[in-house]
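Asks: here is my input; please provide its structure:
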Amino acid sequence: MKPYQYKALPNSSSIRILIVYPADDTSSALECDITTNDRLAILRGPDNKTFDAVSYVWGNGAHDIPLYCKAEGTYLYVSAVVDEMLRSLRKGHKERRLWVDAVCLNQKDNQEKSIQVQQMGQIYRMADKVHIWLGPAEATTRLTFAFLRTLVAKFEPLPGQAMDPTTEEILQTFEETFQHRNFQSVLGLLQKSWFTRRWTLQEGFLARDAILRCGDSKVSWHWFTEALKLIHTRSHELQGIQNDNSALYALNVLEILRKPEDLLSLLWTLHMSQCSDHRDRIYSLLGLAQNMDPVGPDAPTVNSESEPHSNSNQELPIPDYALSEMLYFASSLATAFLLVGYCKLFYTLMDLAAYQKPIQNGLRGFRIGQEQETENPIRRRLCQGSYHPFYYLTGDPVSPF
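Replies: Purely as a prediction, here's the structure:
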């Protein structure tokens, strides 16, 4: 059987959609087709053939599991993570139309990736639903999701109210579901790798309608985030969570990302999040960043003497995967340095880079580890302004002054 061959997308607004054909049994072989559609034509189409998008962590496994494309009689090879995810999402009696980056993007075409990455925000916003895949279900998954839904149903404040549940009320609700007060199942959920990746966090927050899935168990994004907001208010009092850095980080990030932030603030907020491609440390934040425009060859010149806190949109170079990591970061920093208010960004990135060991030919990653979270004189001197740096793992804002 011959391998699937990607054809170039017709234009910049084109996307591929994966059609997964139905099967009654999850063990049945996956059968699919890949179609090319104009993003806007999908919305205008009379047949209402929209699509769902999927947010998941790739993992490090090999792409060695065949995915059969019926129309062409070809095979596309995917990872075990994608294979398991598609089997779980496959319907019993109706095809499912999905946007899955590992399949719908030609990962070997850097030019296509550069164009498509610019559209990631629009793709996830226009999807009918975003399925957040956290992995297979565990023994406590169903009850954990039930607890989160119950917590919101009981304590979500009404408009104009601001009454948070007490620690005892949270524990009582948990005990009603689990018959004990060991919060380990919630900790296990917050320790999922999805909460540590920059791309996935963007995908969840850009969705109009999202649902979290662990195997066959699921909970809506609204129930999930509202429940964690309630837990976050008492996280310093809940045994287990207060001593779990991963859980605290997930809670803090989910709370902070509720409000729009500029790119600099996002870099601080997501300081522990990861990317397999270091260029994505910035690319993956562009959809979330407030007041960001890409820079093209015909972009207007910006007056470098403008007020540093101007309301005009800030600009960064468009994604370009043909550039090496070193050249991309150099280009981004040089551009940011010249733009309104981004002198601070330049020095902040250099500050972060100073903490990280070189990752390629002297390039340093813009991430600091937990053991390196100390006040820095450069940070204190340069980060003067209205924004607040990221919350440390204690949940308390750290003053840069």
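Asks: report how many residues lie close to Arg213.
Replies: 23 (other Cβ atoms under 10 Å). Every C-beta, even on glycine, is put in place using the N, C-alpha and C of the backbone.
Asks: any idea how far Ala29 is from it?
Replies: Taking Cβ to Cβ, to the nearest Å as the criterion, Arg213 is separated from Ala29 by 21 Å.
Asks: can you give me the domain boundaries for the protein?
Replies: 14-128, 141-201+218-256, 263-382 (automatic domain parsing).
Asks: how about the strands in the protein?
Replies: 14-20, 31-38, 52-55, 65-69, 74-78, 96-99, 130-135, 210-214, 217-220, 292-295, 314-317, 358-360, 363-364 (DSSP state E).
Asks: point out the most buried one among the ones you listed.
Replies: strand 52-55 (a mean of 24; mean count of other Cβ atoms under 10 Å).
Asks: follow-up on the earlier one: format the strands of the chain as TSV; extra columns: distance to Pro46.
Replies: What follows is those, written out as TSV (distance: least, Cβ to Cβ, whole Å):
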stretch	distance to Pro46
strand 14-20	17
strand 31-38	14
strand 52-55	20
strand 65-69	27
strand 74-78	30
strand 96-99	16
strand 130-135	24
strand 210-214	27
strand 217-220	29
strand 292-295	33
strand 314-317	38
strand 358-360	50
strand 363-364	50
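Asks: Pro157 is nearest to which of these?
Replies: The minimum distance between Pro157 and those falls on strand 217-220, with 18.0 Å, by Cβ to Cβ.
Asks: for the closest residue to Leu43 other than its chain neighbours, what are its contacts?
Replies: With Cβ to Cβ, 6 or more residues apart in numbering as the criterion, Leu43 has its nearest non-adjacent residue at 6.6 Å, and that residue is Met126. Met126 makes contact with Arg39, Ile42, Leu43, Thr50, Arg208 under the criterion Cβ atoms under 8 Å, 6 or more residues apart in numbering.
Asks: okay, those residues in a markdown table with distance to Leu151, pLDDT and neighbour count next?
Replies: Written out in a markdown table, the entries for the contacts of Met126 read as follows (distance: Cβ to Cβ, whole Å; pLDDT from 0 to 100; neighbours: other Cβ atoms under 10 Å):
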| residue | distance to Leu151 | pLDDT | neighbour count |
| --- | --- | --- | --- |
| Arg39 | 37 | 88 | 17 |
| Ile42 | 37 | 87 | 18 |
| Leu43 | 36 | 80 | 10 |
| Thr50 | 32 | 90 | 15 |
| Arg208 | 24 | 89 | 12 |
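Asks: which stretches of the stretch 201-350 of the chain have low pLDDT?
Replies: Counting by pLDDT under 70, the stretch 201-350 of the chain has low-confidence residues at 256, 260-265, 267-350.
Asks: just checking, Arg16 touches Leu9?
Replies: Yes: contact criterion Cβ atoms under 8 Å: Arg16 and Leu9 qualify, at 7.4 Å.
Asks: which neighbours do these two have in common?
Replies: Common neighbours of Arg16 and Leu9 (Cβ under 8 Å, 6+ apart) are Thr36.
Asks: now the phi/psi pair for the closest residue to Thr166 other than its chain neighbours, please.
Replies: Nearest residue to Thr166, sequence neighbours excluded (Cβ to Cβ, 6+ apart): Arg234, at 7.3 Å. Backbone torsions for Arg234, taken as degrees, to the nearest 10, come to phi -120, psi 20.
Asks: same check, this time on the one 5 residues further on
Replies: According to degrees, to the nearest 10, the main-chain angles of Gln239 amount to phi -60, psi 130.
Asks: nearest residue to it in space, please, no chain neighbours.
Replies: Taking Cβ to Cβ, 6+ apart as the measure, Gln239 lies nearest to Phe183, with 7.0 Å between them; neighbours along the chain are not counted.
Asks: now do Arg208
Replies: Counting by Cβ to Cβ, 6+ apart, the nearest residue to Arg208 once its immediate chain neighbours are dropped is Arg125, at 6.2 Å.
Asks: next: Trp99.
Replies: Ala53 (4.4 Å).
Asks: quick check: that neighbour touching Leu98?
Replies: Yes: here Ala53 lies in contact with Leu98, judged by Cβ under 8 Å, at a distance of 7.1 Å.
Asks: so what's Ala8 up against?
Replies: Under the criterion of Cβ under 8 Å, 6+ apart, the contact partners of Ala8 comprise Asp109, Glu112.
Asks: that one and Val81, how far apart?
Replies: Shown here: Ala8 relative to Val81, a distance of 27 Å by Cβ to Cβ.
Asks: same deal with Lys49?
Replies: Noted for Lys49: a distance of 27 Å to Val81, by Cβ to Cβ.
Asks: neighbour-wise, which of these two wins?
Replies: Under the neighbour definition other Cβ under 10 Å, Lys49 and Val81 were set side by side, and Val81 has more, 20 against 13.
Asks: now the more buried one. Nearest residue, chain neighbours left out?
Replies: Excluding its sequence neighbours, the residue lying closest to Val81 (Cβ to Cβ, 6+ apart) is Gly59, at 4.7 Å.
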